[in-house]
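Student: build me a structure from this.
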Amino acid sequence: MAETVQAVVLYLHLVTASFFVGGSLFVWLVLIPASYRLGSDEARRTELVGTVARRFGRLVTWDFLLLVASGVYSATWYLSSFGELFASPRGLVLLVKVILVALLMVFMFLHDIHFSRRIAALAREGKVEELRLVRRKSRIVSAITLVVMAGILAMAIALQFVG
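Tutor: Purely as a prediction, here's the structure:
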């Protein structure tokens with residue numbers, strides 16, 4: 001029975017991670033570049049990207065909660081005690097992964113609360129130059145977020161090989 005639960009939790013963790021990372025990459029590598037083909041109408045571009053991002057954001061909120069919950073449960077497979085988190089190689093890798101997940105949450109919150117709303121408002125108001133400046137800062141935060149995601153994936157892989 002325990003192995004069945006572990007298999008289900010691992011499956012849930014992998015599916016939610018795939019949706020989260022894959023969806024984020026889709027937005028950055030497909031949607032945003034394609035939106036530039038709409039021409040110079042910043043309001044139209046922002047509306048398209050914003051509509052998709054809001055829909056993805058609603059889904060990813062629940063996805064991320066399941067991802068973290070399944071990750072916390074899965075952590076119990078790697079450590080026999082909380083103290084191992086700071087004392088064993090596997091624990092240290094897991095600790096780095098936890099720190100990266102916390103950083104990811106901060107960057108996601110910052111982007112959602114600050115940049116997304118500001119970009120939508122500036123597009124509605126037609127403030128193109130200010131919009132470009134805010135978008136540039138938003139892209140920096142998003143790029144950092146993607147790098148943090150890659151770090152989390154690297155730690156997930158490392159967990160399989162450290163003893």
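Student: roughly how far is the lengthiest helix in the chain from the heart of the chain?
Tutor: Counting residues, the longest helix in the chain under DSSP state H turns out to be helix 42-78. Mean-position distance between helix 42-78 and its chain equals 7 Å (Cα atoms, centre = their mean, to the nearest Å).
Student: what about that helix, average pLDDT?
Tutor: When pLDDT is averaged over helix 42-78, the result is 88.
Student: what is that helix packed up against?
Tutor: Here helix 42-78 touches helix 2-26, helix 32-35, helix 89-110, helix 117-125, helix 128-159, going by 3 or more Cβ pairs under 8 Å, 6 or more residues apart in numbering; DSSP states H and E. All C-beta atoms are positioned from the backbone trio N, CA, C, and that covers glycine.
Student: and those helices: which comes nearest residue 77?
Tutor: helix 2-26 (6.7 Å; Cβ to Cβ).
Student: who touches the closest one?
Tutor: 56, 59-60, 63-64, 66-67, 70-71, 73-74, 77, 145-146, 149, 153, 156 (Cβ atoms under 8 Å, 6 or more residues apart in numbering).
Student: what of stretch 101-114?
Tutor: 57, 64, 68, 71, 138, 141, 142, 144, 145, 148, 149, 152.
Student: from those residues, which two are the most distant?
Tutor: Farthest-apart pair in the contacts of stretch 101-114 is 71 and 138; separation 26.9 Å (Cβ to Cβ).
Student: more crowded one of these two?
Tutor: Remark: of residue 71 and residue 138, residue 71 carries more neighbours, 20 against 17, as counted by other Cβ atoms under 10 Å.
Student: list the contacts of the more buried one.
Tutor: For residue 71, the contacting residues are 13, 101, by Cβ under 8 Å, 6+ apart.
Student: hmm, 7 Å instead?
Tutor: By Cβ atoms under 7 Å, 6 or more residues apart in numbering, residue 71 lies in contact with residue 13.
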